[in-house]
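> A predicted structure for the sequence below; I have some questions about it.
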Amino acid sequence: MKRILLLVLTNLAVMAVLLITTRILGVDRFLTANGLDTTALAAFSLIIGFGGAFISLLMSKPMAKWSTGMVIIDQPRSADEAWLLATVRKLADQAGIGMPEVGIYEGEPNAFATGAFKNDALVGVSTGLLANMTREEVEAVLAHEVAHIANGDMVTMTLIQGVMNTFVVFLSRVIGYVVDSFLRRGDSESSGPGIGYLVTSIVMEIVLGFLAAIIVAWFSRQREFRADAGAAMLMGRKQPMINALARLGGLHPGALPQGMQAMGITGGIGKLFATHPPIEERIAALQAL
C-alpha cells in the first residue's frame, strides 16, 4: 500500500514540476496563446501515465497466467510439486511475505514473479528450469523471485514506468504544439492544432518512448542485482545463486511474453534495452558480496 501511495504521489509531483517549469520559463503563456491548456494536458498526462501503469499492475497476475498457460498448484500432484510449494512457502516466511501462488508452465528455462501486492503475488516456474537444474539451484532461483516480491519490485517498476509515461505524453504534445505554432505563424485564419502538431507529437512520442524504455531498463537491471543479493541472503550463502546463474548462462534462456520479460530470471535484447544484466556481471556482483 505504501508503494502504491508513492506511485500516486510521485506522478503528482512530476506533473507539479512540469507545470511549475513551464510557468517559470513562460512556456505556458505561449502555449495557452496558441490554444493549449497546460493544466488540462497535465491532468490528461497524469491519467494516461499513472492510470495505464496502475491498470497493468493490477492485471499482471491474470495476464501472466493467461499468456504462459501455466497450471497453478493448488494441491500437489507429485513429490516435485510438493517440494516446490514447500520451498516457496519456506522462502516467503523467511522474507516476511504472504505465500504467493505457484504455477508451472511449459517452456525453456526461466522463472518470474508478478502481482500488485506482496502478500498476493505469483511465482511462475518453467518445466525447462525444473528439468535442467538441481534442487538447490531451483531453490536459489525461487529465492531470487521471492526477493523481487519482498523488495516490491513489481510496484517499483510500475512507478518508474508511470512516471516515464507521464513525461512522454506531456512533452510530446508540448513539443507538437510548439512546432505546429512555428509552422503556422502568421496564419490568423486557422485555429486549433494542425498537421504539424499531429505528426510532431507522434514522432516525439516514439522518440521519447525509446528514451523512457532505456531508463526503465536501467532501473530493471539494478533491481536484478538486488534480487540476486536477496536470494543469497535467503539461502544463507551466495554459492547456490552463483551456480544457478552459471547454469542459466549455459542454457538457452526461455522467451517470456512481452509483458513478463522484465520479471524473468534472465533475458534481454541489447545493452541499453536489456531488462537483465549479463550473467557474468551478476555472478561478479555476487562474488563481491
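Ah, there it is.
> list the contacts for residue 62?
Contacts for residue 62 were tallied using CB atoms under 8 Å, 6 or more residues apart in numbering; there are none. Quick note: C-beta positions are derived from backbone N, CA and C, even for glycine.
> Can you tell me the element it falls in?
In this structure, residue 62 sits in helix 60-68 according to DSSP states H and E.
> Show me what the mean pLDDT comes to for that helix.
Helix 60-68 shows an average pLDDT of 87 in the prediction.
> Neighbours of residue 40, how many?
If you count neighbours by other CB atoms under 10 Å, residue 40 ends up with 9.
> coming back round to it: dump the helix holding residue 62 to CSV, restricted to CA.
C-alpha atoms of helix 60-68 as CSV (Å, rounded to 0.1, in the frame of the first residue of the first chain):
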residue,chain,number,x,y,z
SER,A,60,-0.4,-8.6,-14.1
LYS,A,61,-1.3,-11.9,-12.4
PRO,A,62,-4.2,-12.9,-14.6
MET,A,63,-2.3,-11.8,-17.7
ALA,A,64,0.7,-13.9,-16.6
LYS,A,65,-1.4,-17.0,-16.1
TRP,A,66,-3.2,-16.5,-19.5
SER,A,67,-0.1,-15.6,-21.5
THR,A,68,2.1,-18.5,-20.3
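> Next SSE downstream of that helix?
Per DSSP H and E, the helix or strand that comes after helix 60-68 is strand 71-72.
> Direction included, what does that next one pair up with?
Paired neighbours of strand 71-72 in the sheet (DSSP bridges): strand 101-105 (antiparallel).
> and the partner strand, how far from the chain's centre?
20 Å (CA atoms, centre = their mean, to the nearest Å).
> Give me the contacts around the very next helix or strand once past it.
As assigned by DSSP H and E, the chain's next helix or strand after strand 101-105 is strand 111-114. Strand 111-114 is contacted from outside by 60-61, 64, 100, 121-126, 129, 141-142, 144-146, 148-149, 153-154, 256, 260, 263-265, using CB under 8 Å, 6+ apart.
> Please apply the same query to stretch 100-107.
61, 65, 68-73, 81, 84-85, 88, 92, 113, 115, 120-128, 130, 146, 149, 254-255.
> would you put the C-alpha positions of it in PDB?
Provided in PDB are the C-alpha atoms of stretch 100-107 (Å, rounded to 0.1, in the frame of the first residue of the first chain):
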ATOM      1  CA  PRO A 100       2.500 -16.500  -3.300                       C
ATOM      2  CA  GLU A 101       0.600 -18.600  -5.800                       C
ATOM      3  CA  VAL A 102       2.900 -21.000  -7.500                       C
ATOM      4  CA  GLY A 103       2.500 -22.100 -11.100                       C
ATOM      5  CA  ILE A 104       4.300 -24.300 -13.600                       C
ATOM      6  CA  TYR A 105       4.300 -23.600 -17.400                       C
ATOM      7  CA  GLU A 106       5.700 -25.300 -20.400                       C
ATOM      8  CA  GLY A 107       8.900 -23.700 -21.700                       C
END
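> Helices - which of the contacts of strand 111-114 land there?
Applying DSSP state H to the contacts of strand 111-114, the entries found in helices are 60-61, 64, 129, 141-142, 144-146, 148-149, 153-154.
> Least confident secondary structure element in the protein?
Scoring the helices and strands of the chain by mean pLDDT, DSSP states H and E places helix 27-33 at the bottom, with a mean of 58.
> mind listing the helices in this protein by residue range?
Using DSSP H, helices in the chain cover 2-24, 27-33, 38-46, 52-58, 60-68, 79-95, 127-132, 135-150, 153-183, 195-235, 239-249, 279-287.
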